[in-house]
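> Here is the input, now give the coordinates:
(one chain, ligands or ions: 1)
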Amino acid sequence: MDELLQQIKNYKKEISAFISGDNNAAETFRIKYLGSKGLVKNVMAEMKKVPAENKKEFGLILNEFKLFAENKYEEIKQLTVDSGQLTVNDIDLTLPGDALPIGSRHPLSLVKNKIISIFNRLGFAVAEGPEIEDDWHNFTALNLPENHPARDMQDTFYISHPADGGTDWMLRTHTSNVQVREMEKGKLPIRIICPGRVYRNETISARAHCFFHQVEGLYVAENVSFADLKQTLYFFVQEMFGADVKIRFRPSYFPFTEPSAEMDISCLICGGVGCSVCKHTGWVEILGCGMVHPTVLENCKIDSNKYSGFAFGMGIERITMLKYQIKDLRLFSENDLRFLKQFTSAVKF
Ligand code: 2NL
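Reported below is the predicted structural model:
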């Protein structure tokens, strides 16, 4: 009996001293102590020799010994994993890796980049300017009269206003301010497009937002005509929407252009036959344009007898909604991944 107790004591010492030297340590330990021919089993087998009155006491001792060995086994297993002692055999190389989530370009960026690349091919450079602008560059230089509704506090976000004794800082309502700044530099000819964010004090709905994105274009040189404007915009439409899309111009009015026009394209959905998207007219409006008003040229110190120019402006949201058949403007600014992820395959733009 004492002999058995002594043996257990020795085994425990041995187990405590066991060092998990290599990768196979856990397995070596398991076979030696916990296997079907292992030492724990052997000791357990001694139970039958124990007299009946001592069985309970020995049962407890033997169970404790078994647990001791099992705990040590878990410890060794843990150690080999923690210390990174894994060999090729321990790693399942056939498992698929964890895919890194790849983002996608925002649909407005896709369309903006496409517009830029089309106009680049026609020799238009990209120009940028401030989003916080003064009254001169946003309104006055552009021949917007003092009483124009766009100047109303209700339509424009003023940062400070002369009416309150401040200066006339505001959030720009179009990217024309960039074109004014380019013209003021006095380097001609000018052939630029101005993409960027603009602001209007509007109630947010499916069709309007307090900020949106624009691309405006400007070409100022000698002998620039309305024919140049039409051909430039026709090329743009064919590249953007397809070779069989038609255009038409309707007379319009902007204070900064004369003459002014609105340009429509044949409906992309019904091809011009008439549907709900084009309100059964066969045409959809995409931009405004015209010949730069002589007063605007003169305001920017350009001789309007020598130079002429055309200009145009379009909303990127509007073009994007037409191209991808998006029904609600608010989707562009809500950061809903279910919406944004639909454009993953279009990253090439
Ligand atoms: C629209 C219409 C337009 C312009 C923008 C412009 C700029 C200068 C001089 C003359 Cl510096 N014109 N820009 C001209 C006609 C129309 O935008 O519906 N935009 C969303």
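
> What parts of the stretch 151-300 of the chain come near the ligand?
176, 179-180, 214, 216, 218, 254, 256-257, 287-290, 292, 296 (C-beta under 6 Å from any ligand atom). (Each C-beta comes from the backbone N, C-alpha and C, glycine too.)

> If you rank those residues by neighbours, which is first?
Within those, neighbour counts (other C-beta atoms under 10 Å) peak at Gln179, which reaches 30 neighbours.

> Is that residue in contact with His137, as I believe?
No - contact criterion C-beta atoms under 8 Å: Gln179 and His137 do not qualify, at 9.4 Å.

> where does Pro130 land on pLDDT?
What the model reports as pLDDT for Pro130 is 98.

> Which residues are in contact with it?
Residues near Pro130 by C-beta atoms under 8 Å, 6 or more residues apart in numbering: 172, 177.

> Just to be sure, it is in a strand?
No - counting by DSSP: H, G, I helix; E, B strand; the rest coil, Pro130 is located in no strand; its state is coil.

> just to revisit the earlier point, find the pair from the residues of the stretch 151-300 of the chain next to the ligand with maximum spatial separation.
The largest separation in those, counting by C-beta to C-beta, is between Val180 and Leu287 at 19.2 Å.

> what sits against Cys267?
Contact analysis of Cys267 by C-beta under 8 Å, 6+ apart lists 273-275, 277-278, 281-284.

> Tell me the spacing between it and the ligand.
The spacing between Cys267 and the ligand, counted by C-beta to the nearest ligand atom, to the nearest Å, is 19 Å.

> What residues does the closest residue to the ligand within the stretch 101-250 of the chain make contact with?
Residue of the stretch 101-250 of the chain nearest the ligand, by C-beta to the nearest ligand atom: Gln179 (3.4 Å). Counting by C-beta under 8 Å, 6+ apart, Gln179 touches 127, 190, 192, 194, 216, 218, 311.

> what mean pLDDT does the helix or strand where it lies have?
In this assignment (DSSP states H and E), Gln179 forms part of helix 176-184. What helix 176-184 shows for mean pLDDT is 98.

> can you list contacts of the helix or strand that that helix is followed by?
Scanning forward in sequence from helix 176-184 by DSSP H and E, the next helix or strand is strand 190-199. Contacts to strand 190-199, defined as C-beta under 8 Å, 6+ apart, come from residues 112, 115-116, 119, 122-129, 131, 156-157, 171-176, 178-179, 182-183, 210-221, 309, 316.

> Keeping just the C-alphas, turn strand 190-199 into PDB.
Taking C-alpha atoms only, strand 190-199 is exported to PDB below (Å, rounded to 0.1, in the frame of the first residue of the first chain):
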ATOM      1  CA  ILE A 190      -8.400  79.100 -71.100                       C
ATOM      2  CA  ARG A 191      -9.800  75.600 -71.500                       C
ATOM      3  CA  ILE A 192     -10.800  74.200 -68.100                       C
ATOM      4  CA  ILE A 193     -13.300  72.000 -66.200                       C
ATOM      5  CA  CYS A 194     -14.100  72.600 -62.600                       C
ATOM      6  CA  PRO A 195     -15.400  69.700 -60.600                       C
ATOM      7  CA  GLY A 196     -16.400  70.200 -57.000                       C
ATOM      8  CA  ARG A 197     -18.900  70.400 -54.200                       C
ATOM      9  CA  VAL A 198     -21.400  73.300 -54.100                       C
ATOM     10  CA  TYR A 199     -24.100  74.300 -51.500                       C
END
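
> This completes my enquiry, with thanks.
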